[in-house]
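**Student:** With the sequence up front, the predicted model follows.
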Amino acid sequence: MATEPPAPAAGAPSRAGRCRRGPIPRRPGDLRPTDVVGAFFVCGIAFLAAAAIAAVVQALAPWDWGRWLALHLAFVGGVSQLVLGTAQFFVGAFLATDPPPRRLVRAQLAAWNLGAIGLAVAIPLAASAAVWIAVGLLLAALALWGLAVATMWRRSLRRSLWAVAWYCAGALFLGLGVVAGSLLAHGVLWSAGDLLGAHMSLNLAGWFGGAIVGTLHTFYPSLTQTQLRHPRLQPLAFGAWTGGVVALAVGYAWGLDPVAVAGWLALCLGALLLLVNVLASLRAAARPLSLPARLVGAAQPFLLAALVVASAAVLEQGPEGALVGGTRTAVGTLLVAGWIGLTVLGSLLHLLAVVVRVRGGFAARMPDPRPRLDAVVAALAVVAVAALALAQEGGPGPLHTPAKWLLVAVYAVLAARVAQLAGRVLLHARPSV
């Protein structure tokens, strides 16, 4: 997406032939789509930077809550805010409508950031009341996000089911995951099954997974300047993915092993259907590809690989096989460092450049592809993730250390580029909410 979503003329006929009231004409000072996505991105990147600092401190001087804190800052404060902002940006584009009201966006940002910070402080201190307050703030932010999406849907000129279906399903899963996490934080005894497994399924597969898989059906064709080659696969992917999340959560929470196994296999199907469309766009794309297109495209096979490795362990050892030992570590590397990490970094490189360009009155150009350098960076990222996961899954032990440091180096290069773009947003294209 290289421009602001167009604002259709008021009174244009809907698909059903009826006249619908269009968006109110934008007045000076009204929010623009890049205001919304830019504000969430700035907050999210700040949390990601804090997560990196926490991870370094944990590596140098380990403490009981260090690893949890780094993950919490990265996923709750960082990636989740990127998803919340991106979702509203794309919903507005798909529905050809204006962003949510300013007060609604401000309330979302305040509630989510206060909730994320509150949990980061309250859980290590075992402050029970503060934990519940922070959880309440996160759930309130999700409710406000839902209200924002409903507002855009209500005043839009056109209807697009896939503009909201993936995001709304993901938000519902996240709400349930937050509740499950709060029960874990309070030490609630759950004898029916594995509540941690259900919590991870809802948050990772349901929220992050659903939002990313859903967005890529439109975002990756946009990155490669192509069309979705097999649109009929999207409903099948949605059904397989959301059904798989439900099956995983129920199977783990209540100890229903066959249901959990079915959930893993359904996620494999959903990932495969997405990959078919991604590869079709990659094949049809004009060359040279941009670095974001290379990174996001290279990340998608890691999703299917992680799910296949997990499913194989589950079929051999039962549902717990995917959550313990070397398999858990390898699956985590493929999902977090490979799929989520490269997808998020590639998306940030593109969307932050869009914000800079649009907010600068289109005076700035989108970054030009550097075919050889971009290909090398993407290839090194793929090699590093694959080698590290292979070493963790029982492959050659000597691969582990060089693969780990290669991955750190590639991530440092990409993170530096993201930080540079984020700095340009703050200095020259500051979003106003």
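**Tutor:** Good, I have the coordinates.
**Student:** the domain parsing of the protein - what is it?
**Tutor:** 31-159, 187-286, 288-427 (automatic domain parsing).
**Student:** now for those, which one comes closest to G175?
**Tutor:** Closest approach to G175 among the domains of the chain (Cβ to Cβ): domain 31-159, 5.4 Å. Just so you know, the C-beta spots here come from the backbone N, C-alpha and C atoms, and that holds for glycine as well.
**Student:** where's that closest one relative to the chain centroid, distance-wise?
**Tutor:** Centroid separation between domain 31-159 and its chain, computed with Cα atoms, centre = their mean, to the nearest Å, is 11 Å.
**Student:** Ends of that domain, what's the gap?
**Tutor:** This stretch, domain 31-159, spans 22 Å end to end (Cα to Cα, to the nearest Å).
**Student:** can you offset everything so residue one is 576?
**Tutor:** Got it, the first residue is 576 from now on, which makes the last one we talked about domain 606-734.
**Student:** where do the strands sit along this structure?
**Tutor:** In the chain, no strands are defined using DSSP state E.
**Student:** the bottom helix or strand of it by mean pLDDT?
**Tutor:** Taking mean pLDDT, DSSP states H and E as the measure, the chain has helix 900-907 as its least confident helix or strand, at a mean of 86.
**Student:** residues making contact with that helix?
**Tutor:** 881, 884-885, 888, 896-897, 964-965, 967-969 (Cβ atoms under 8 Å, 6 or more residues apart in numbering).
**Student:** Using CSV, write out the CA atom coordinates for that helix.
**Tutor:** Extracted in CSV, the C-alpha atoms of helix 900-907 (Å, rounded to 0.1, in the frame of the first residue of the first chain):
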residue,chain,number,x,y,z
GLY,A,900,12.4,-30.3,24.7
GLY,A,901,14.3,-29.7,21.4
THR,A,902,11.0,-29.8,19.4
ARG,A,903,9.6,-26.8,21.4
THR,A,904,12.9,-24.9,20.9
ALA,A,905,13.0,-25.7,17.1
VAL,A,906,9.4,-24.8,16.6
GLY,A,907,9.8,-21.6,18.5
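**Student:** Distance check, W816 against A744.
**Tutor:** Here W816 is placed at a distance of 8 Å from A744 (Cβ to Cβ, to the nearest Å).
**Student:** which intervals of the protein have sub-threshold pLDDT?
**Tutor:** Within the chain, the stretches with pLDDT under 70 are 576-604, 935-939, 1003-1006.
**Student:** P867 - how many residues pack around it?
**Tutor:** 27 (other Cβ atoms under 10 Å).
**Student:** Run a quick check on it versus L924, I expect a contact.
**Tutor:** Yes - P867 is within contact range of L924, at 4.6 Å (criterion: Cβ atoms under 8 Å).
**Student:** roughly how far apart are A954 and V884?
**Tutor:** Here the criterion is Cβ to Cβ. By it, A954 lies 22 Å from V884.
**Student:** Show me which of these two is the more surrounded one.
**Tutor:** Between A954 and V884, counting by other Cβ under 10 Å, V884 is the more crowded of the two (18 against 13).
**Student:** That one - nearest residue in space that isn't next to it in sequence?
**Tutor:** V906 (5.6 Å; Cβ to Cβ, 6 or more residues apart in numbering).
**Student:** Equivalent analysis for A780, please.
**Tutor:** Counting by Cβ to Cβ, 6+ apart, A780 lies nearest to V820, which is 4.9 Å off, once chain neighbours are set aside.
**Student:** Could you pull up the contacting residues of the one you found?
**Tutor:** V820 neighbours (Cβ under 8 Å, 6+ apart): 748, 776-777, 780-781, 784-785, 838, 842.
**Student:** for V985, same thing?
**Tutor:** Neighbouring residues of V985 by Cβ under 8 Å, 6+ apart: 952, 955-956, 959.
**Student:** L771: which of those residues is nearest?
**Tutor:** The closest of the contacts of V985, once distances to L771 are taken by Cβ to Cβ, is A959, at 28.6 Å.
**Student:** what comes into contact with stretch 691-706?
**Tutor:** Outside stretch 691-706, the residues that touch it by Cβ under 8 Å, 6+ apart are 622, 639-640, 643-644, 647-648, 651-652, 655, 708-710, 712-713, 757, 760-761.
**Student:** Tell me the buried residues in that stretch?
**Tutor:** By neighbour count with 16 or more other Cβ atoms under 10 Å, stretch 691-706 contains the buried residues 691-695, 697-698, 706.
**Student:** same thing with stretch 959-971?
**Tutor:** 959-968, 970.
**Student:** from the residues you listed, which is closest to K979?
**Tutor:** Nearest to K979 out of the buried residues of stretch 959-971 is L963 (Cβ to Cβ; 5.8 Å).
**Student:** Can you tell me how far that closest one is from C618?
**Tutor:** Going from L963 to C618 by Cβ to Cβ gives 30 Å.
**Student:** same question, R607
**Tutor:** Counting by Cβ to Cβ - R607 and C618 are separated by 17 Å.
**Student:** re earlier: tell me the gap between the least confident helix or strand of the chain and the middle of its chain.
**Tutor:** Worked out by Cα atoms, centre = their mean, helix 900-907 lies 21 Å from the chain centre.
**Student:** One more: stretch 805-817?
**Tutor:** With Cα atoms, centre = their mean as the basis, the mean position of stretch 805-817 lies at 18 Å from the chain mean.
**Student:** Need the residues that contact that stretch.
**Tutor:** Under Cβ under 8 Å, 6+ apart, the answer for stretch 805-817 is 737, 740-741, 744, 780-781, 784-785, 788-789, 792, 803, 841-842, 844-846, 848-849, 851-852, 855.
**Student:** Buried only: go through those residues for me.
**Tutor:** Of the contacts of stretch 805-817, these count as buried by 16+ other Cβ under 10 Å: 737, 740-741, 744, 780-781, 784-785, 788-789, 792, 803, 841-842, 844-846, 848-849, 852, 855.
**Student:** wait, W839 sits on A887?
**Tutor:** No - assessed by Cβ under 8 Å, W839 is found out of contact with A887, at 9.3 Å.
**Student:** Pick out whichever of the two has more residues nearby.
**Tutor:** W839 (25 against 14).
**Student:** Relative to L679, how far out is the residue nearest to V884?
**Tutor:** Shown here: V906 relative to L679, a distance of 37 Å by Cβ to Cβ.
**Student:** same deal with L689?
**Tutor:** 16 Å.
**Student:** Which one's more surrounded, the two?
**Tutor:** L679 (19 against 16).
**Student:** Next, the contact list for that one, please.
**Tutor:** By Cβ under 8 Å, 6+ apart, the contact set of L679 is 719, 722-723, 726.
**Student:** Out of those residues, list just those in helices.
**Tutor:** Among the contacts of L679, DSSP state H puts 719, 722-723, 726 in helices.
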